[in-house]
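**Student:** here is the input, now give the coordinates:
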Amino acid sequence: MIWVRPELDPLPMSHASYEDPQAAAAFEAHAANSAYNAHYDRPAVLELVGAVQGLDVLDAACGPGFYAAELLARGGRVIGFDRSLAMLHLARKRAGPTVPLLRCGLDTPFPFSDGAFDLIVCALAIHYVTDRSHALREMQRVLRTDGALVLSTQHPTTDWIRKGGSYFDVKQETDIWNRDGEEWPMTFWREPLSSLTEAAYRAGFVLERLIEPLPAASMRRVDPEEYAKLMERPGFLLLRLIKRP
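**Tutor:** Predicted coordinates:
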């Protein structure tokens with residue numbers, strides 16, 4: 001496998017907060033056992049991923065390394081990248097000294113050769129990227145012929161209900177993330193389901209599975225109110241995409 005260290009553009013607003021070590025550490029502490037991260041997205045993503053023993057796996061936008069650590073524990077040969085150095089420092093502690101971790105963004109050319117990976121995991125990151133079509137094309141490029149991409153993102157109907165306007169809007173929105181008495185603006189893209197799936201199709205993927213996950217049973221103990229909400233309406237959306245022949 002070949003990789004290089006690409007030049008970086010200035011961080012977009014959606015990722016700028018995570019360059020702050022305090023923000024990155026606050027997110028790590030929150031995501032370690034939070035209802036939506038630890039008891040909703042991670043179990044659903046890992047179930048959709050399936051067996052990874054002996055596979056070359058890319059953790060795209062790896063954050064503090066929770067998914068990388070799980071994939072390693074399951075026998076995958078993992079490489080991770082993230083735009084944020086602060087996140088990469090946290091991922092290094094979790095993934096160990098031998099796992100390659102690179103600084104790269106989903107909106108830049110990936111520093112990997114064509115067909116380098118059997119599997120790509122991209123969890124709760126694609127909605128922060130302005131050029132989602134580019135990110136999907138790059139993920140398609142670095143997958144092997146029989147490879148798969150497992151992607152999780154915010155559910156479009158949930159964003160529509162929260163933000164209003166037309167469901168078919170493709171627009172940037174900003175949420176304020178509050179942790180430890182600090183506030184960080186997090187800017188993301190909201191789009192209808194057909195916009196995301198069409199971008200995936202044009203990038204060379206076909207949809208193998210679409211999952212609107214239910215929360216893990218453990219979430220009921222951690223946050224019974226949010227558990228009850230997610231048993232009635234989805235919060236996230238998962239796609240398993242394979243390369244189009």
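
**Student:** what residues sit buried inside stretch 203-218?
**Tutor:** The neighbour-count check on stretch 203-218 (16 or more other Cβ atoms under 10 Å) flags Ala203, Gly204, Phe205, Ile211, Pro213, Pro215, Ala216 as buried. Bear in mind the C-beta positions are built from the backbone N, C-alpha and C, glycine included.

**Student:** I'd like to know which of those is nearest to Val57.
**Tutor:** Phe205 (17.4 Å; Cβ to Cβ).

**Student:** follow-up on the earlier one: of the buried residues of stretch 203-218, closest to Arg240?
**Tutor:** Ile211 (7.6 Å).

**Student:** take the buried residues of stretch 203-218 and keep only those in strands.
**Tutor:** Of the positions in those, Phe205, Ile211 sit in strands, assigned by DSSP state E.

**Student:** make CSV out of the buried residues of stretch 203-218 and add distance to Thr197 and pLDDT.
**Tutor:** As requested, the buried residues of stretch 203-218 are arranged in CSV below (distance: Cβ to Cβ, whole Å; pLDDT from 0 to 100):
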residue, distance to Thr197, pLDDT
Ala203, 11, 97
Gly204, 13, 97
Phe205, 9, 98
Ile211, 13, 98
Pro213, 17, 98
Pro215, 24, 97
Ala216, 26, 97
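
**Student:** how about the buried residues of stretch 203-218 in JSON lines, adding distance to Ala125?
**Tutor:** Listed next are the buried residues of stretch 203-218 as JSON lines, based on distance: Cβ to Cβ, whole Å:
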{"residue": "Ala203", "distance to Ala125": "16"}
{"residue": "Gly204", "distance to Ala125": "20"}
{"residue": "Phe205", "distance to Ala125": "17"}
{"residue": "Ile211", "distance to Ala125": "17"}
{"residue": "Pro213", "distance to Ala125": "17"}
{"residue": "Pro215", "distance to Ala125": "20"}
{"residue": "Ala216", "distance to Ala125": "21"}
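
**Student:** the strand ranked longest in the chain: partners in the sheet, and parallel or antiparallel?
**Tutor:** Of all the segments of type strand in the chain, defined by DSSP E, the longest one is strand 143-154. As defined by DSSP bridges, the strand partners of strand 143-154 come to strand 117-123 (parallel), strand 236-243 (antiparallel).
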